[in-house]
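> got a sequence here, can you build the structure:
(4 chains)
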Number of protein chains: 2
Amino acid sequence: MDATLKALAEPRRREILRLVWSDELPATQIADHFTEVTRSAISQHLRVLKEASLVSERRDGTRRLYRANTDEVAKLRAFLDDYWTSGLTRLRDVAEAAERNRRAGH
Amino acid sequence: MDATLKALAEPRRREILRLVWSDELPATQIADHFTEVTRSAISQHLRVLKEASLVSERRDGTRRLYRANTDEVAKLRAFLDDYWTSGLTRLRDVAEAAERNRRAGH
DNA sequence: ATTGGCTTTTAGTTGGCACTTACGCAAGCG
DNA sequence: CGCTTGCGTAAGTGCCAACTAAAAGCCAAT
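Just a heads-up that it's a prediction; the model follows:
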């Protein structure tokens, strides 16, 4: 989950993900979309996305076709829904912090 | 939106957001929750969260009370739902890239 | 085998980010 | 007023992430 959010924090990686959202695309065509950075930079972005499971790679001859892994974004949605809504653990943690404070205090 | 994702990419900031999700909390109490970093570091995290509109600040005497801005997370959810699902713009962009390629290509 | 297109990888640079230490500043209290 | 409490800010450090340029890998066709 950490990897997912870190990967999406970069604007160009979001753009890449959008490009390969509905169809797979070869690396060169993805890179051509970006005029301000090198093909190498895009390749490295693709690696980050792949390691975060946000895209999958398929080889076809010398080309490499990338496609978005939409399931992973769905997981992020679920994360946003569930993570903070556990008020009980929050109260427990605050209580623990107060306890630490009390013992440490003077 | 960029600021929102960048802010959430940091684990400690997510933890802070979880702490102040359902109730407001003074800065010191938030900082006490983290034993491995300084109070100053937490203060800087709070500033990032505030600039991303993920938390709001309320002053009460010398204290500053923070509370999560749940609307902003809701916006992120909407973003995840809508941003990539516009296949038409994707096709347009790919066509443009191909056009650039054709002209540039000798 | 060698050439050539498609792509990743390596090495090196730079900018940014999280952190600590030290300081500053306002509000309440004796 | 002097002191303390609660908190942000400034300056400096170290690390990591994004980038470029150059080298290397992979695959197909010749």
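> OK, contacts around the residue in chain A that DNA strand D sits nearest to?
The minimum distance from chain A to DNA strand D, using Cβ to the nearest atom of the strand, falls at A:Thr38 (3.2 Å). Where you see a C-beta, it was placed from the backbone N, CA and C, and this is true even at glycine. Contact partners of A:Thr38, counting by Cβ atoms under 8 Å, 6 or more residues apart in numbering or on different chains, are A:Ala31.
> now swap in A:Ser53 and tell me
Here A:Ser53 is in contact with A:3-4, A:69, A:72 (criterion: Cβ under 8 Å, 6+ apart).
> what parts of chain A come near DNA strand C?
Residues of chain A found near DNA strand C, taking Cβ under 7 Å from any atom of the strand as the criterion, are A:26-29, A:39-40, A:42-44, A:46-47, A:57, A:62-64.
> of those residues, grab the buried ones for ChimeraX.
Buried residues within those, as defined by 16 or more other Cβ atoms under 10 Å in any protein chain shown, are selected in ChimeraX through the command that follows:
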select /A:26,27,29,42,46,64
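> in helices, which of the residues of chain A next to DNA strand C appear?
Among the residues of chain A next to DNA strand C, the members found in helices (DSSP state H) are A:27-29, A:39-40, A:42-44, A:46-47.
> now name the helix or strand holding the closest residue to A:Tyr83 other than its chain neighbours.
Closest residue in space to A:Tyr83, ignoring its immediate chain neighbours: B:Arg18 at 6.7 Å, by Cβ to Cβ, 6 or more residues apart in numbering or on different chains. Under the assignment given by DSSP states H and E, the secondary-structure element containing B:Arg18 is helix B:11-19.
> quick one: the strands in chain A?
For chain A, the strands defined by DSSP state E occupy A:25-26, A:55-60, A:63-68.
> quick one: the first one near DNA strand D?
Going back to what we said before, that points to strand A:25-26. No - interface with DNA strand D: strand A:25-26 contributes nothing (Cβ under 7 Å from any atom of the strand), its closest point being 12.6 Å away.
> packing partners of that strand?
The elements that strand A:25-26 packs onto, with contact taken as 3 or more Cβ pairs under 8 Å, 6 or more residues apart in numbering or on different chains; DSSP states H and E, are strand A:63-68.
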